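Participant: dropping a prediction and its sequence here:
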Number of protein chains: 2
Amino acid sequence: MNPDPARDHLDALRRVEVVLVETSHPGNLGGAARAMKVMGLERLTLVAPACAIDDTARARASGALDVLEAARVCATLDEALADTVLAAACTSRRRDLPHPAYTPRQAAPELLRHARVGAVALVFGSETYGLSNEHLMQCRWLLNIPANPAYASLNLAAAVQVLAYELRCAAADRVLDLPTFAPASHAAVEGLVADLEQTLIAIGFLDPVQPKRLMPRMRRFFAKAGLEDEEVAIWRGILNATRRPRRQN
Amino acid sequence: MNPDPARDHLDALRRVEVVLVETSHPGNLGGAARAMKVMGLERLTLVAPACAIDDTARARASGALDVLEAARVCATLDEALADTVLAAACTSRRRDLPHPAYTPRQAAPELLRHARVGAVALVFGSETYGLSNEHLMQCRWLLNIPANPAYASLNLAAAVQVLAYELRCAAADRVLDLPTFAPASHAAVEGLVADLEQTLIAIGFLDPVQPKRLMPRMRRFFAKAGLEDEEVAIWRGILNATRRPRRQN
């Protein structure tokens, strides 16, 4: 264990991934890479990018060319998030989704705490459409950057800058506690949610033809709880026991 | 005097000027305008600009074209600052200057307080050279954005974004009202836990003779989630459906 807590926190910054979904302007790829590196973030992931890393992107990256060129490319958000322990979606719109929503300042200490034990993802949508509800559903938290209600549309790289800046400020605060739990991975949570859905159908509680808002509610509930590895195992066991044929009583 | 302090602070934001000295990239003019407007700032001043407001600048300004096109142009920094009550220079370099130096977060409340009584200027240098010592001498404060010592060079518009964001956070800690839900009562949670325990026994997952640590774990899980009334109702429904005798499959 590193004996210097400040060092640990800066190491944690390097485990925060910025995930850009369907970005369409190359300049924003470069701008995001630069915004990350100036705050000590290194991992960039592009999900189904709608543009290439071209000269415009490289020019905007400036001294962060290394971050830009090391970017991982994934076909789907699900693939990008598979190994993360916490994914937070940055969105400016008010949503019907009942996910926990935080400001970057509120969320930063907790994001860092998770980054000390695993990969944390900050997810940003495309310049034109933002993130779809389907994408948002795969993230545990929503992040809302405080903004002018009359014009709240931050440039994509500027939004990355604000988030990365808040994380660096939180890292410099040096008042973070060690995590005392093993957070479940994205893939483990998705597996549990799928298992729960099948079980609710099997016991006749969920009508697949008229699902209404039940599964989004259940996702929100698990998101609030912050599932741990052991808890996923317990729930999977309960669901398994629930589906098992048993004697009538 | 406006009786609503939040209103006053948002008004104060509009009296904060962003002063860009010898900017050379049109994209940064537009990017800065957008960074300002999304946070509620409106006044942009260009000192001896080394580029024109062109199509690139307008494209990057996006919905902040009004801020960009209303920009005031001055020949010297002295002229730009003439009517201000406080000027703060944004710089990433450590200087020999004896000026008071603050982080944006430290400075923001005081900048806003000044903006309630007069014009406040945030001064940014050129992309290549930053601000000269002569320029810095004309400002009362230095502002240092916390950054990665290995690469501390924020893009100009990104630096404007961080400053404008800090001012908005200081102006309105009430900007974001989190949705409020109806938390479940103690009795409702206890009822749910008892119901869960009986159900787990009924489906053979919990052995009442050797319960181990299962129920304490489940209690902790529900505590983390912060149960709401509606969630208790959903879980009770699920447990009820789980216990209901059903056809073997």
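Facilitator: Looks like it arrived, so ask away. Numbering: from 1, shown residues only, chains lettered A, B, ... in the order given.
Participant: going forward, measure contacts and count neighbours with C-alpha atoms only.
Facilitator: Will do.
Participant: can you read off the backbone torsions of the nearest residue to A:Asp54 once chain neighbours are set aside?
Facilitator: Closest residue in space to A:Asp54, ignoring its immediate chain neighbours: A:Pro26 at 6.6 Å, by Cα to Cα, 6 or more residues apart in numbering or on different chains. With angles defined as degrees, to the nearest 10, A:Pro26 sits at phi -60, psi -40.
Participant: you'd agree A:Pro26 is up against A:Pro49?
Facilitator: No: with contact defined as Cα atoms under 8 Å, A:Pro26 does not reach A:Pro49; the gap is 9.4 Å.
Participant: which residues are common contacts for those two?
Facilitator: Taking Cα atoms under 8 Å, 6 or more residues apart in numbering or on different chains as the contact rule, A:Pro26 and A:Pro49 have no neighbour in common.
Participant: residue of chain A with the smallest distance to chain B?
Facilitator: A:Ala225 (3.7 Å; Cα to the nearest Cα).
Participant: now do the same contact list for the closest residue to that residue other than its chain neighbours.
Facilitator: Leaving aside its chain neighbours, A:Ala225 sits nearest to B:Ala225 (3.7 Å; criterion: Cα to Cα, 6+ apart). Residues in contact with B:Ala225 (Cα under 8 Å, 6+ apart) are A:221-226.
Participant: so for A:Ser185, what's the pLDDT?
Facilitator: Here the pLDDT value assigned to A:Ser185 is 89.
Participant: ok, A:Ala57 - contacts?
Facilitator: Taking Cα under 8 Å, 6+ apart, one finds A:26-31 in contact with A:Ala57.
Participant: please apply the same query to A:Lys224.
Facilitator: A:Lys224 makes contacts with A:99-100, A:140, B:224-226, as judged by Cα under 8 Å, 6+ apart.
Participant: rerun at 10 Å
Facilitator: By Cα atoms under 10 Å, 6 or more residues apart in numbering or on different chains, the residues touching A:Lys224 are A:99-100, A:140-141, A:218, B:221-227.
Participant: show me where chain A has helices.
Facilitator: A:5-13, A:26-37, A:55-61, A:65-69, A:77-81, A:104-115, A:133-137, A:156-173, A:186-202, A:214-225, A:229-243 (DSSP state H).
Participant: okay, the angle between the last one and helix B:186-202?
Facilitator: Okay, so that is helix A:229-243. Computed by axes from the mean of the first three to the mean of the last three Cα atoms, to 10 degrees, the angle separating helix A:229-243 from helix B:186-202 equals 60 degrees.
Participant: and helix A:229-243, how far out from the chain's middle?
Facilitator: 24 Å (Cα atoms, centre = their mean, to the nearest Å).
Participant: the second one too?
Facilitator: Relative to the centre of its chain, helix A:26-37 is centred 18 Å away, using Cα atoms, centre = their mean.
Participant: could you check the angle it makes with helix B:156-171?
Facilitator: Using the same axes, to 10 degrees: helix A:26-37 against helix B:156-171 is 60 degrees.
Participant: for A:Ala121, give me its contacts.
Facilitator: Neighbours of A:Ala121 in contact, by Cα under 10 Å, 6+ apart: A:15-20, A:43-45, A:80-81, A:83-89, A:111, A:115, A:139.
Participant: so which of these are in strands?
Facilitator: Using DSSP state E, the members of those that fall in strands are A:16-20, A:43-45, A:84-89.
Participant: could I get the residues you listed as JSON lines with pLDDT, neighbour count and distance to chain B?
Facilitator: Listed next are the ones in strands among the contacts of A:Ala121 as JSON lines, based on pLDDT from 0 to 100; neighbours: other Cα atoms under 10 Å in any protein chain shown; distance: Cα to the nearest Cα, whole Å:
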{"residue": "A:Val16", "pLDDT": "97", "neighbour count": "29", "distance to chain B": "15"}
{"residue": "A:Glu17", "pLDDT": "97", "neighbour count": "23", "distance to chain B": "16"}
{"residue": "A:Val18", "pLDDT": "98", "neighbour count": "26", "distance to chain B": "16"}
{"residue": "A:Val19", "pLDDT": "98", "neighbour count": "28", "distance to chain B": "19"}
{"residue": "A:Leu20", "pLDDT": "98", "neighbour count": "28", "distance to chain B": "18"}
{"residue": "A:Arg43", "pLDDT": "97", "neighbour count": "22", "distance to chain B": "15"}
{"residue": "A:Leu44", "pLDDT": "98", "neighbour count": "23", "distance to chain B": "17"}
{"residue": "A:Thr45", "pLDDT": "98", "neighbour count": "24", "distance to chain B": "20"}
{"residue": "A:Thr84", "pLDDT": "90", "neighbour count": "21", "distance to chain B": "20"}
{"residue": "A:Val85", "pLDDT": "90", "neighbour count": "26", "distance to chain B": "17"}
{"residue": "A:Leu86", "pLDDT": "91", "neighbour count": "26", "distance to chain B": "15"}
{"residue": "A:Ala87", "pLDDT": "93", "neighbour count": "26", "distance to chain B": "17"}
{"residue": "A:Ala88", "pLDDT": "95", "neighbour count": "25", "distance to chain B": "16"}
{"residue": "A:Ala89", "pLDDT": "95", "neighbour count": "23", "distance to chain B": "16"}
